[in-house]
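Asker: Kindly return the folded structure for what I paste below:
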Amino acid sequence: MPSGFQNDTNQLQAEMYRVVVTMSNATYYPTADGDDNGGVTPSASDSFATLPTTLAKGKARARGNMRFRNVVNRLTGLSDCQLRDITITEANGDAQATSLAFTVNFERPATIPLNGDVVGTTAVTRTAVDGSTAISTRAIAIQDAVARGIRDVTVASARVYDGTNSQDTQLSLTVTTTGATATQQFGTVAVTLIDESTLFD
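Answerer: Alright, predicted model coming up:
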């Protein structure tokens, strides 16, 4: 006789992935003043003892924040998730990050559609931002979401520290794609499954 239990996409079956974004290539992640600079960072200007020394550096810091928010939006668009253990390499308010790592935890990872999954009556066919990689695993789906978040063009009102006048200001900022192509951007993101377990209420 059947037990009455079955697996479905609403079952809590947590998976944690470690995401690493390597931003040390100044061609892929420019540092010169412009809408393409700032890298990706969760750190605001006031996260440092040494604040940005110029308005341009403050804008770069805010652009990095905007890209990080875009990444979070892309990840939460896949499924409910939490970001943990954020590690970032950046020296001070003026310094653009060279590396960002974090753990993303999905409690219901089976809700992330992969190639071949049937949603409704249609089989899913998805290709990563590089245009050639099939999204066949959740690690690739996460890598794609992060890369797309970094590449999202965004215009928003943001808090910017003006180091020249030593004050915060509110400005409309534009974030464009960085200096990397879609394929290069995708390659700067690495994702590894680090843990999975079934959770019980």
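Asker: Could I get the full set of strands for this protein?
Answerer: 13-22, 81-89, 99-106, 118-119, 122-123, 154-162, 167-175, 189-198 (DSSP state E).
Asker: Quick one: mean pLDDT over the first one.
Answerer: In this case it means strand 13-22. The average pLDDT within strand 13-22 is 94.
Asker: how about the helices in the protein?
Answerer: Using DSSP state H, the helices found in the chain span residues 55-78, 138-151, 182-187.
Asker: closest one to D46 among the ones you listed?
Answerer: Of all the helices of the chain, helix 55-78 sits nearest to D46, with 9.8 Å by CB to CB. Placement of C-beta: from N, CA and C, glycine included.
Asker: buried residues in stretch 82-99?
Answerer: L83, I88, E90, G93, D94, A95, Q96, A97, T98 (16 or more other CB atoms under 10 Å).
Asker: list the contacts for the third one?
Answerer: Residues in contact with E90 (CB atoms under 8 Å, 6 or more residues apart in numbering) are T41, S43, Q96, A97, T98.
Asker: make it 7 Å
Answerer: T41, S43, Q96, A97 (CB atoms under 7 Å, 6 or more residues apart in numbering).
Asker: Quick check: the farthest pair among those residues?
Answerer: Every pair of the contacts of E90 checked by CB to CB; the farthest is S43 and Q96, at 10.6 Å.
Asker: how many neighbours does S43 have?
Answerer: Using other CB atoms under 10 Å, the number of residues around S43 comes to 17.
Asker: how close does it get to C81?
Answerer: According to CB to CB, to the nearest Å, S43 stands 21 Å off from C81.
Asker: go on, E90?
Answerer: Taken as CB to CB, the span from E90 to C81 is 24 Å.
Asker: The helix or strand of the chain with the lowest mean pLDDT pairs with which strands, parallel or anti?
Answerer: Within the chain, no helix or strand scores below strand 118-119, which has a mean of 80 by mean pLDDT, DSSP states H and E. For strand 118-119, the pairing partners within the sheet under DSSP bridges are strand 122-123 (antiparallel).
Asker: mean confidence score for the partner strand?
Answerer: For strand 122-123, the mean pLDDT works out to 86.
Asker: How about the contacts made by the residue nearest to the spatial centre of the chain?
Answerer: The residue lying closest to the centre of the chain (CA atoms, centre = their mean) is V71, at 2.9 Å. Taking CB under 7 Å, 6+ apart, we find V71 in contact with V40, V146, G149, I150.
Asker: Nearest to A62, out of the strands of the chain?
Answerer: strand 154-162 (4.4 Å).
Asker: Quick check: which helices or strands does that closest one pack against?
Answerer: helix 55-78, strand 167-175 (3 or more CB pairs under 7 Å, 6 or more residues apart in numbering; DSSP states H and E).
Asker: Now do it and strand 167-175, the angle between them.
Answerer: 150 degrees (axes from the mean of the first three to the mean of the last three CA atoms, to 10 degrees).
Asker: So what touches strand 154-162?
Answerer: Outside strand 154-162, the residues that reach it (CB under 7 Å, 6+ apart) are 45, 51-52, 55, 58-59, 61-62, 66, 70, 168-175.
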